[in-house]
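K.L.:
I'd like to go over a predicted model; first the sequence, then the structure.
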Amino acid sequence: MFTGNGIKFFSGTSHPELAEIIARRLGVSIGKAELTKSGIGESHVRIAESVREDDVYIINTGCGQINTALMELCIMIHACKIASAKRITAVLPLFPYARQDKKEKSRAPITAKLVANMLQKSGCDHVITMDLHASQIQGFFDVPVDNLYAEPSAIQYIRANFDLTDLVIVSPDAGGAKRATSMADRLGVDFALFHKERKKANEVSRMVLVGRVEGKTAILVDDMADTCGTLCLAAKHLSEAGAVRVCGFVTHGILSGNALQTIEDSTLEKLVVTNTLPQAENLAKCKKMEVIDIGNVLGEVIRRSHYGESVSKLFDEVPY
């Protein structure tokens, strides 16, 4: 049984709804912290309760005012560190700047590495995140990183809502093939993928479908959906190739720009996202969207981390 002794849980301003869900799962209250901004935009943080010798968890996700969220997190970590916290864990459902994980061209930065350095220099001892855009980001850290997966939640949802006899799991690009094949194998269904060529970032010039989808229900799976151009173009190609239904499952629904209208105008029957980012406004604007809760997964990994238990079980199962 979780007693909450020796643990403190704090939240930044990026996703208070998810923080509340995790706190309820843990049976603890969110710690008292005052977060304000000055007239010139500086973040001010004051931890308003003792954290001495406590196991501290701070949640802030990479969304909205992302630079503010990142600075809040670093300042909160630093504040707890110099207040003698025993261990500090950063909980980042969506890792900020995760798509800038390599040097694409000369003189380009590797910003994900910079973020890793910032968190460590602030005093972070452990990182919990979900569906990193590139798994090698874990190697940017010299502290433990638990990269959780939405795959078990996705599989549970698919089994409850779809007939597996005529299902095919589709990756919208070759980079997501490992994720899609893993899900297809666990469900015992077929797999297909798209080969795509980009003219520039967020703009696809050509997509070629590899695999058979005729007469089947196709589920597009990806780690994140930003402008949704690729996802909706893939849905169009699947419908043209004979798929009777096309749905999408995405871990991080960023949904920037005209993404919601693009989804509404597409052949997607529905787009399922997790609540790693706030989705209340998007749900109100787009009737094709559905959200599943991963707060129980994050809450359980925090509980296991606090008690020194293995978290590897959560890579395959959804906690109850």
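P.N.:
Noted; the coordinates are in hand. The structure displayed is predicted, hence computed values, not measured ones.
K.L.:
quick one: the closest residue to T111 other than its chain neighbours from A112, how far?
P.N.:
In space, T111 comes closest to Q100 once its chain neighbours are excluded; the distance is 3.8 Å by C-beta to C-beta, 6 or more residues apart in numbering. Glycine gets a C-beta too; all of them are placed from N, C-alpha and C. Distance from Q100 to A112, counting by C-beta to C-beta, to the nearest Å: 5 Å.
K.L.:
quick one: the closest residue to A225 other than its chain neighbours from I219, how far?
P.N.:
Excluding its sequence neighbours, the residue lying closest to A225 (C-beta to C-beta, 6+ apart) is V250, at 4.3 Å. As judged by C-beta to C-beta, V250 and I219 stand 11 Å apart.
K.L.:
Low-confidence ranges, the stretch 101-250 of the chain, go.
P.N.:
By pLDDT under 70, the weakly predicted segments of the stretch 101-250 of the chain are 197-205.
K.L.:
ok, back up a step: gap between the residue nearest to A225 and D222?
P.N.:
Noted for V250: a distance of 5 Å to D222, by C-beta to C-beta.
K.L.:
residues bridging contact with the two, i.e. touching both?
P.N.:
Common contacts of V250 and D222, defined by C-beta atoms under 8 Å, 6 or more residues apart in numbering, comprise L231.
K.L.:
quick revisit: what about the residue nearest to A225, neighbour count?
P.N.:
25 (other C-beta atoms under 10 Å).
K.L.:
Q138 too?
P.N.:
Other residues near Q138 come to 16 when the count uses other C-beta under 10 Å.
K.L.:
same for the lengthiest helix in the chain, what does it pack against?
P.N.:
Across the chain, the helix with the greatest residue count (assigned by DSSP state H) is helix 66-81. Packing contacts for helix 66-81, counted by 3 or more C-beta pairs under 8 Å, 6 or more residues apart in numbering; DSSP states H and E, involve strand 33-37, strand 43-47, strand 55-59, strand 87-92, helix 111-122.
K.L.:
what's near enough to touch D222?
P.N.:
Going by C-beta under 8 Å, 6+ apart, D222 touches 171-173, 176, 179, 231, 248-251.
K.L.:
list the buried ones in stretch 110-117?
P.N.:
110, 112-113, 115-116 (16 or more other C-beta atoms under 10 Å).
K.L.:
returning to that earlier point: now distance to V273 too, for the helices and strands packed on helix 66-81, in JSON lines please.
P.N.:
As requested, the helices and strands packed on helix 66-81 are exported to JSON lines (distance: least, C-beta to C-beta, whole Å):
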{"stretch": "strand 33-37", "distance to V273": "26"}
{"stretch": "strand 43-47", "distance to V273": "28"}
{"stretch": "strand 55-59", "distance to V273": "18"}
{"stretch": "strand 87-92", "distance to V273": "17"}
{"stretch": "helix 111-122", "distance to V273": "22"}
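K.L.:
Between those, which one is closest to D316.
P.N.:
With C-beta to C-beta as the criterion, D316 lies closest to strand 87-92 of these, at 20.8 Å.
K.L.:
got the CA coordinates for the closest one in CSV?
P.N.:
C-alpha atoms of strand 87-92 as CSV (Å, rounded to 0.1, in the frame of the first residue of the first chain):
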residue,chain,number,x,y,z
ARG,A,87,16.3,12.8,-4.7
ILE,A,88,14.7,14.8,-7.5
THR,A,89,12.8,13.3,-10.4
ALA,A,90,11.6,15.3,-13.4
VAL,A,91,8.4,13.9,-14.9
LEU,A,92,8.2,15.0,-18.5
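K.L.:
what's the model's confidence in that strand, averaged?
P.N.:
Averaged across strand 87-92, pLDDT comes to 98.
K.L.:
Show me what that strand is in contact with.
P.N.:
By C-beta under 8 Å, 6+ apart, strand 87-92 touches 22, 55-62, 73, 77, 80-81, 119, 123-129, 298, 302, 305.
K.L.:
Strand partners (parallel or antiparallel) of that strand?
P.N.:
With DSSP bridges as the test, strand 87-92 is paired with strand 55-59 (parallel), strand 126-130 (parallel).
K.L.:
all strands of the protein, in order?
P.N.:
Shown for the chain, the strands assigned by DSSP state E span residues 7-11, 33-37, 43-47, 55-59, 87-92, 126-130, 145-148, 167-171, 190-200, 203-210, 217-225, 245-253, 270-274, 289-292.
K.L.:
would you list these in CSV and tack on distance to V318?
P.N.:
As requested, the strands of the chain are exported to CSV (distance: least, C-beta to C-beta, whole Å):
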stretch, distance to V318
strand 7-11, 21
strand 33-37, 30
strand 43-47, 33
strand 55-59, 20
strand 87-92, 18
strand 126-130, 13
strand 145-148, 11
strand 167-171, 18
strand 190-200, 22
strand 203-210, 30
strand 217-225, 16
strand 245-253, 14
strand 270-274, 12
strand 289-292, 10
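K.L.:
S14 is in contact with G64, correct?
P.N.:
Yes - applying C-beta atoms under 8 Å, one finds G64 in contact with S14, separated by 5.7 Å.
K.L.:
Show me the common contact partners of those two, please.
P.N.:
Residues touching both G64 and S14 by C-beta under 8 Å, 6+ apart: P278.
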